[in-house]
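>>> dropping a prediction and its sequence here:
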Amino acid sequence: MQPGVAFSRREGKSGAMRDHDAIILGAGAAGLMCALTAGQRGRRVLLADHADQPGKKILISGGGRCNFTNIGAAPDRFLSANPHFAKSALRRYTPQDFLALVEGHGIAWHEKTLGQLFCDGSARQIVAMLVDECAKGAVDMKCGAPVDAVDHADGRFSVRLNGVTHSAPALVIATGGPSIPKMGATGFAYDLARRFGLKVVEPRPALVPLTLGGADLMFRDLSGVATEVIARCNKAQFREAALLTHRGLSGPAILQISSYWRRGDTVTLDFLPGRDATALLLAAKRDRPRATLATALADHMPQRLAAMLAERLALAGEMAGLTDKALRAAAARIGGWAFTPNGSEGYAKAEVTAGGVDTAGLSSQSMAARTVPGLHVIGEAVDVTGWLGGYNFQWAWASGRAAGEVL
């Protein structure tokens with residue numbers, strides 16, 4: 001919770017006057033969608049955020065162009081302790097639904113790889129669209145308004161913002177997780193949820209670069225080299241680019257696999273994705289006997305990486321001088337090079353937070369808390385985390401919509 005925030009949950013009468021139908025804390029993607037949905041249904045909505053403007057994480061997403069959804073946003077592309085929880089909201093508000101909103105505002109867009117949809121122009125267009133939709137619903141938006149206190153009594157929630165108390169029968173927690181703290185992100189949502197008796201699945205950085213130590217730091221000298229790989233961890237695998245860094249591994253394939261990685265787990269990289277590494281090396285020996293292993297590999301990956309792998313495999317000299325057994329062993333290593341990351345680059349570099357408010361305490365239909373009437377939790381604050389590529393925005397839109405339809 002924000003430093004200095006007071007909380008009480010008590011019985012007895014409250015002296016505050018009900019001045020809204022719902023108070024939504026957090027003017028990010030989920031909060032904005034929830035607010036505009038409820039507001040356009042005629043509800044009196046207060047949307048508050050400690051930041052000085054709404055949608056600050058939206059503005060930096062997608063390199064400033066906002067990867068606002070993914071056309072492949074199926075439930076199996078989201079992580080949660082309950083893999084079925086996200087199905088209802090995602091089914092009722094689809095990527096096509098959000099795309100219709102985007103097109104209705106005349107925002108040009110394009111599809112990149114793997115179903116990712118981006119603005120042709122700026123992420124500011126998405127924020128402006130959402131703010132405009134909130135205005136249509138007469139949403140009372142207060143930015144630069146940190147929460148001073150939260151009170152719950154007699155079925156009403158009271159929230160003090162900048163010394164002024166606001167009251168409503170419904171409260172929505174939409175303040176996200178602690179990823180990207182430089183944007184002001186904190187664990188406020190979890191602290192507030194716990195104070196209402198909700199459980200929290202341990203949060204952890206997700207979609208984050210992984211760090212290496214010891215012998216695995218062999219790639220430090222290759223910092224900046226990118227290559228397509230298949231990254232695997234436990235039962236998950238992704239075929240995308242990996243980026244070698246001075247601290248370890250990054251790039252889309254690594255960010256994806258990081259959500260499935262836990263400390264102590266091994267990550268393997270196939271540096272020849274989609275190819276039969278054994279057949280490739282044996283053919284190279286037959287067709288180019290005077291070439292070195294590094295030269296043969298350089299036909300299929302960056303030259304510096306090929307040289308490093310050959311050096312680590314300790315296979316010097318011409319291919320003709322290497323035994324078939326040695327080449328088969330090399331192929332196995334190249335197709336499944338194992339690393340044991342010693343950590344990640346943490347919330348500072350994480351695009352999202354995995355874990356969050358336990359879905360066991362929430363309704364999948366409305367995002368409402370089962371034991372606290374009127375309380376809802378949406379977006380990144382919930383234990384639902386999507387893949388890289390617009391999935392987390394789709395969860396924000398879908399969960400925000402689900403709550404907004406019942407406020």
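In hand now; what should we look at?
>>> contacts, neighbours, all on C-alpha from now
OK.
>>> count the residues that sit near residue 266.
Applying other Cα atoms under 10 Å, we find 16 other residues in the vicinity of residue 266.
>>> ah, wrong one, I meant residue 194
14.
>>> how near is it to residue 73?
Note on residue 194: its distance to residue 73, by Cα to Cα, to the nearest Å, is 30 Å.
>>> repeat that for residue 36.
22 Å.
>>> same thing with residue 250?
Going from residue 250 to residue 73 by Cα to Cα gives 23 Å.
>>> go on, residue 252?
17 Å.
>>> quick check: chain neighbours aside, which residue is closest to residue 394?
Closest residue in space to residue 394, ignoring its immediate chain neighbours: residue 69 at 5.3 Å, by Cα to Cα, 6 or more residues apart in numbering.
>>> relative to residue 314, how far out is the closest residue to residue 244 other than its chain neighbours?
In this structure, residue 244 finds its nearest non-sequential neighbour in residue 223, 5.0 Å apart by Cα to Cα, 6+ apart. Distance, residue 223 to residue 314, by Cα to Cα: 22 Å.
>>> neighbour count: these two, which is higher?
Set residue 223 next to residue 314 and count neighbours by other Cα under 10 Å: residue 223 wins out with 14 against 11.
>>> remind me which helix or strand residue 132 belongs to.
Using DSSP states H and E, residue 132 falls within helix 124-136.
>>> for residue 99, same thing?
helix 95-104.
>>> one more: residue 304?
Counting by DSSP H and E, residue 304 is part of helix 303-313.
>>> buried sites along that helix?
303, 305, 306, 307, 308, 309, 310, 313 (16 or more other Cα atoms under 10 Å).
>>> from the chain's centroid, how far away is it?
33 Å (Cα atoms, centre = their mean, to the nearest Å).
>>> the spatially closest residue to residue 85 that is not a sequence neighbour: neighbour count?
For residue 85, ignoring the flanking residues on the chain, the nearest one in space by Cα to Cα, 6+ apart is residue 364 at 5.6 Å. By other Cα under 10 Å, 19 other residues sit near residue 364.
>>> just to be sure, residue 364 is in a helix?
No. Secondary structure assignment (DSSP: H, G, I helix; E, B strand; the rest coil) places residue 364 in coil, not in a helix.
>>> so it touches residue 92, yeah?
No. Using Cα atoms under 8 Å as the test, residue 364 is too far from residue 92 to be in contact (11.3 Å).
>>> find the centremost residue of this protein, please.
By Cα atoms, centre = their mean, the chain has its centre lying nearest to residue 352, at 3.5 Å.
>>> packing partners for the strand or helix carrying residue 331?
Element membership for residue 331 (DSSP H and E) is helix 324-334. Secondary-structure packing of helix 324-334 (3 or more Cα pairs under 8 Å, 6 or more residues apart in numbering; DSSP states H and E): helix 277-287.
>>> avg pLDDT for the helix it packs on?
What helix 277-287 shows for mean pLDDT is 97.
>>> what does that helix rub up against?
With Cα atoms under 8 Å, 6 or more residues apart in numbering as the test, helix 277-287 has contacts from 291, 296, 319, 320, 324, 327, 328, 331, 332, 334, 335.
>>> could you pull up the contacting residues of the nearest residue to the first one once chain neighbours are set aside?
Taking Cα to Cα, 6+ apart, and ignoring the residues beside it in sequence, residue 291 has residue 318 as its nearest neighbour in space, at 5.3 Å. With Cα under 8 Å, 6+ apart as the criterion, the residues that contact residue 318 are 289, 290, 291, 292, 293.
>>> contacts for the one helix or strand the residue nearest to residue 394 maps to?
Under the criterion of DSSP H and E, residue 69 resides in strand 67-70. Applying Cα under 8 Å, 6+ apart, the contact partners of strand 67-70 are 61, 95, 98, 115-119, 389-394.
>>> let me know the average pLDDT across the following helix or strand past it.
Going down the chain from strand 67-70, the next helix or strand is strand 78-79, by DSSP H and E. Per-residue pLDDT over strand 78-79 has a mean of 98.
>>> same question for stretch 48-57.
pLDDT averaged over stretch 48-57 gives 96.
>>> mind listing what's buried in it?
By neighbour count on 16+ other Cα under 10 Å, the buried set for stretch 48-57 is 48, 49, 50, 51, 54, 55, 56, 57.
>>> stretch 186-203 now?
Applying 16+ other Cα under 10 Å to stretch 186-203 flags 186-193, 196, 198-201, 203 as buried.
>>> what of stretch 292-301?
292, 293, 294, 295, 296, 297, 300, 301.
>>> now, those residues that are in helices?
293, 294, 295, 296, 297 (DSSP state H).
>>> wait, residue 64 sits on residue 122?
Yes. Applying Cα under 8 Å as the test, residue 64 and residue 122 come out as touching, 5.9 Å apart.
>>> higher neighbour count, those two?
residue 122 (20 against 16).
>>> sticking with that one, tell me its helix or strand.
Per DSSP H and E, there is no helix or strand for residue 122.
>>> all helices for this structure, in order.
So, for the chain - with DSSP H - the helices run 29-39, 56-60, 87-92, 95-104, 124-136, 188-195, 252-258, 277-287, 293-298, 303-313, 324-334, 391-404.
>>> and of those, who's closest to residue 218?
Residue 218 lies closest to helix 303-313 among those, at 8.2 Å (Cα to Cα).
>>> average pLDDT for the closest one?
Helix 303-313 comes out at a mean pLDDT of 95.
>>> and for stretch 319-327?
96.
>>> stretch 249-262 too?
98.
>>> first-to-last residue distance for that stretch?
By Cα to Cα, one end of stretch 249-262 lies 15 Å from the other end.
>>> neighbouring contacts of it?
So stretch 249-262 is contacted by 205-212, 226, 229-234, 236-244, 267, 354, 387-388 (Cα under 8 Å, 6+ apart).
>>> weed out the non-buried ones from those residues.
205-212, 226, 229-233, 237-244, 267, 354, 387-388.
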